[in-house]
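Q: Sequence first, predicted coordinates after that:
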Amino acid sequence: MADMEQEKRSAEPEPPEKSAKKIKLSEVSEAIPDKGGETPSTDQKPTGAGDGNSQVKGDDSQSSDSSREAETGDHSGGNTSVSAQKVPCRVNLLAPKETDVGITEYISKHEGFSGIIKQRYSDFLVREVDVRGRIVQLTDTAPLVDSGVQAATSADDVLSQEDKQKLENLLGSKDKSAAVDIQVGEDKEQRTQVHHAIKELFSGLQSETVDVCNTKVIRVKYGKGSQARVQKKFKWPKGRPDYCHFVLYKENMDTMDAINMLAMNLRLKPGFFAYAGTKDKRAITVQEVTAYRIAAERLSNLNKQQTRYVVGNFRYTEQPLKLGLLSGNHFTILLRNCTGSPEQIEAGLTSLRDNGFINYFGMQRFGTTSVPSHHVGRALLHSKWEEAIELILKPREGEHQEGAVSACRDYWWKTRDAKGALDRMPRRNMSKDIEGRLLEGLVKNGKDLVGALSNIPRNTRLMYVHSYQSYIWNNIVSRRLREYGFQPVVGDLVLEEKKDEAQRSEAKVLAEGDLGNYTIHDVVFPLFGYDVIYPQHKAEGWYREMLAVDQLDMDNIRHKVKDYSLSGAYRKIIVKPTNCKWSVMHYDDVKISLMLTDKDILDGKEAPVAASEGKMKALRVEFTLPPSTYATMALREILKTDTSSGHQAMLNTQ
């Protein structure tokens with residue numbers, strides 16, 4: 001998360017053993033007990049939660065997709081009979097509810113109402129807000145006219161994009177006898193430039209001029225001997241900054257998937273790209289990205305190849321983007337099938353605008369299956385490696401059971417044969433799915449379970465432990481608001497102004513004389529760790545109690561594996577959105593889009609016309625939030641309903 005201190009990378013796992021071993025972990029009961037500390041005085045029922053993470057800079061396929069994959073949903077809290085509803089098969093009714101993860105309180109007193117969050121992924125539009133406070137939009141897809149580089153023709157300019165792609169394909173071909181013909185005219189000087197460009201840009205290839213049907217062409221093939229090395233790097237023009245800065249528009253795919261697709265299409269590693277924040281899958285999102293020494297022309301050509309993302313607004317910059325270099329996200333959200341009266345809607349949105357919402361970590365932080373991500377995090381913090389592996393690979397009770405990943409889980413659970421389970425995993429899933437990476441780690445590392453877990457990407461492993469931090473934070477903040485209300489009290493914490501941007505903000509304990517200078521919007525509570533202080537009132541004891549229930553010591557929280565050694569951070573307990581506005585629309589067809597996207601505008605589409613007397617009503621809400629806050633928690637404050645995925649899907653069937 002943007003406000004979380006980056007931890008150091010743990011030691012590399014030990015070298016893989018030569019032969020794959022059949023892993024026999026000690027048997028752990030299928031019903032691994034929930035040892036998590038539940039909120040005191042809250043009626044929580046022990047249920048499973050989910051295995052997923054999203055830091056809403058945007059919540060995360062079309063039409064009734066929320067019923068298929070609702071990562072953020074809506075829970076009315078009513079006693080709807082599950083058996084009486086036609087619940088979509090991919091919805092896990094054992095996924096967590098808000099009370100399971102400490103989300104219990106509201107600020108406002110208005111009467112809530114119902115509305116479907118993300119009935120269509122296009123009902124959720126997220127635009128990044130850059131460090132200067134400007135909302136990022138895709139407005140132009142034309143390649144950049146590069147006027148700031150050296151005027152002389154470079155080798156990169158001599159060859160067309162099509163010819164360069166042909167030569168790249170030749171380099172990637174396994175057939176070393178293959179050749180490519182490049183059409184050239186009778187101009188000898190032009191042919192000389194092409195020969196020089198090939199030599200400069202593709203040193204592993206050799207070229208010659210030949211006659212084909214009385215026309216001169218340049219034939220390119222592999223060079224002979226040891227000098228025929230693959231060299232794909234183009235020469236970067238002098239005077240051009242190193243980074244191409246562009247806007248990425250994507251639909252129904254998360255940021256990493258989009259970056260991986262960009263890299264794959266350009267035959268690059270994902271590390272060439274950088275971005276300020278991740279955006280979730282089930283949404284339409286717009287954000288900034290930088291690419292190291294990738295020409296705008298190459299990026300622009302990708303728009304011809306697929307439709308799930310669009311790139312544009314190109315410019316060159318001296319510096320790349322870095323995680324956290326944004327000031328927030330602007331949301332445009334449609335709540336369909338809204339039941340609120342004009343008075344209820346006005347009261348809910350006015351309260352959100354004027355008072356804000358409780359800054360809970362949203363439900364997507366904890367997942368959507370019967371195995372909660374914070375349970376995995378708790379096992380990692382306890383160094384219970386076997387339990388963590390069991391939780392990740394355990395079959396998900398109540399979830400849709402078709403598919404390769406479910407089959408692998410089932411096989412592994414019955415046999416504990418990691419290699420056999422991995423063999424059942426499609427190759428395309430091995431590098432993408434957590435289960436595939438973990439099974440691969442088990443095969444490579446044998447009994448070294450820490451090494452096996454390290455095969456899961458570091459950010460994913462950190463997601464588990466951060467989820468547990470979030471679970472504790474939610475519960476403590478709910479108790480603080482019940483105990484002390486919505487005003488600062490002696491012993492609360494606020495952040496002092498940083499003396500310079502490089503410094504981390506330090507927390508200050510409020511004394512009696514400070515109370516008049518601060519509001520509840522200034523109060524922060526810590527995510528537990530070794531480098532934070534705690535409120536100097538009852539809440540400090542609550543942290544100790546909750547962690548002690550899970551056999552964790554607040555004063556001895558450093559971990560022998562550095563990745564799981566949490567320094568902690570501070571988070572505001574109440575957030576007030578900016579640029580908040582709303583309107584009501586009527587419609588008859590749930591399949592019709594009710595708002596224009598950046599791509600729609602570029603394509604010249606007209607704004608949708610709402611039916612003046614439509615049988616259904618949608619509430620359109622816009623607001624801007626700071627980084628690492630959850631838009632679904634703002635919507636929860638309006639609707640006064642549970643945002644868990646199970647109920648959201650059931651709303652979608654009504």
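A: Everything's here; your move.

Q: which stretches of the protein have low pLDDT?
A: 1-94, 146-156, 200, 203, 224-234, 398-402, 427-432, 499-502, 645-654 (pLDDT under 70).

Q: Name the single longest helix found in it.
A: Counting residues, the longest helix found in the chain (DSSP state H) is helix 458-484.

Q: residues of that one that come out buried?
A: Along helix 458-484, these residues count as buried under the neighbour rule (16 or more other CB atoms under 10 Å): 461-481, 484. Bear in mind the C-beta positions are built from the backbone N, C-alpha and C, glycine included.

Q: Please state the offset of it from the chain centre?
A: Between the centre of helix 458-484 and the centre of its chain there are 18 Å (CA atoms, centre = their mean, to the nearest Å).

Q: Okay, now the sheet partners of the helix or strand just after that helix, with direction.
A: Following helix 458-484 in sequence order, the next helix or strand is strand 493-495 (DSSP states H and E). With DSSP bridges as the test, strand 493-495 is paired with strand 507-509 (antiparallel), strand 523-527 (antiparallel).

Q: right, so those strands: which one is the most enclosed?
A: Scoring the strands paired with strand 493-495 by mean neighbour count under mean count of other CB atoms under 10 Å gives strand 523-527 as the most buried, with a mean of 23.

Q: What's the first helix or strand after it?
A: Next in sequence after strand 523-527, counting helices and strands by DSSP H and E, comes helix 538-549.

Q: Taking strand 523-527 as reference, get the angle to that following helix.
A: 20 degrees (axes from the mean of the first three to the mean of the last three CA atoms, to 10 degrees).

Q: neighbouring strands for the helix or strand following helix 538-549, and are they parallel or not?
A: Helices and strands here follow DSSP H and E; after helix 538-549, the next one along the chain is strand 569-572. Each strand paired with strand 569-572, and its direction, by DSSP bridges: strand 523-527 (antiparallel).

Q: ok and the partner strand relative to helix 458-484, angle-wise?
A: 130 degrees.

Q: Can you give me the neighbour number for the nearest residue to residue 157 once chain neighbours are set aside?
A: Using CB to CB, 6 or more residues apart in numbering and skipping the chain neighbours, the partner closest in space to residue 157 is residue 237 (8.0 Å). Residue 237: 19 surrounding residues under other CB atoms under 10 Å.

Q: Quick check: the gap between residue 237 and residue 142.
A: Look at residue 237 and residue 142: by CB to CB, to the nearest Å, they are 19 Å apart.

Q: what's the answer for residue 445, then?
A: Counting by CB to CB, the gap from residue 445 to residue 142 is 50 Å.

Q: Between these two, which has more neighbouring residues?
A: Under the criterion of other CB under 10 Å, the comparison of residue 445 against residue 142 puts residue 445 first, with 23 against 10.

Q: So residue 279 is in contact with residue 250, correct?
A: Yes: contact criterion CB atoms under 8 Å: residue 279 and residue 250 qualify, at 7.4 Å.

Q: More neighbours: those two, which one.
A: Shown here are residue 279 and residue 250; by other CB under 10 Å, residue 279 has more neighbours (28 against 24).

Q: Nearest residue to the more buried one in space, please, no chain neighbours.
A: Leaving aside its chain neighbours, residue 279 sits nearest to residue 285 (3.8 Å; criterion: CB to CB, 6+ apart).

Q: partner residues bridging the one you found?
A: Beta bridges link residue 285 to residue 126, residue 250, judged by DSSP bridges.

Q: so who does it touch?
A: Contacts for residue 285 were tallied using CB atoms under 8 Å, 6 or more residues apart in numbering; they are 58, 125-128, 249-250, 255, 279.

Q: What degree of burial does residue 132 show, as a neighbour count?
A: 6.

Q: so who does it touch?
A: The contact partners of residue 132, by CB under 8 Å, 6+ apart, come to residue 327.

Q: doesn't it fall inside a strand?
A: No: remark: residue 132 does not belong to a strand; assigned using DSSP: H, G, I helix; E, B strand; the rest coil, it is coil.

Q: what about it, distance to residue 265?
A: In terms of CB to CB, residue 132 sits 30 Å off from residue 265.

Q: And residue 126, by the same measure?
A: For residue 126, the distance to residue 265 equals 23 Å [CB to CB].

Q: for residue 603, same thing?
A: Distance from residue 603 to residue 265, counting by CB to CB: 21 Å.

Q: which of those two has more neighbours?
A: The residue with more neighbours, out of residue 603 and residue 265, is residue 265; 15 against 10, by other CB under 10 Å.

Q: next one: phi and psi at the more buried one?
A: Backbone torsions of residue 265, given as degrees, to the nearest 10, read phi -70, psi -30.

Q: ok, now how distant is the nearest residue to it once chain neighbours are set aside from residue 246?
A: Leaving aside its sequence neighbours, residue 265 sits nearest to residue 302 (CB to CB, 6+ apart; 5.5 Å). Distance check for residue 302 against residue 246: by CB to CB, it reads 10 Å.

Q: Over to residue 557?
A: For residue 557, the distance to residue 246 - CB to CB - is 41 Å.
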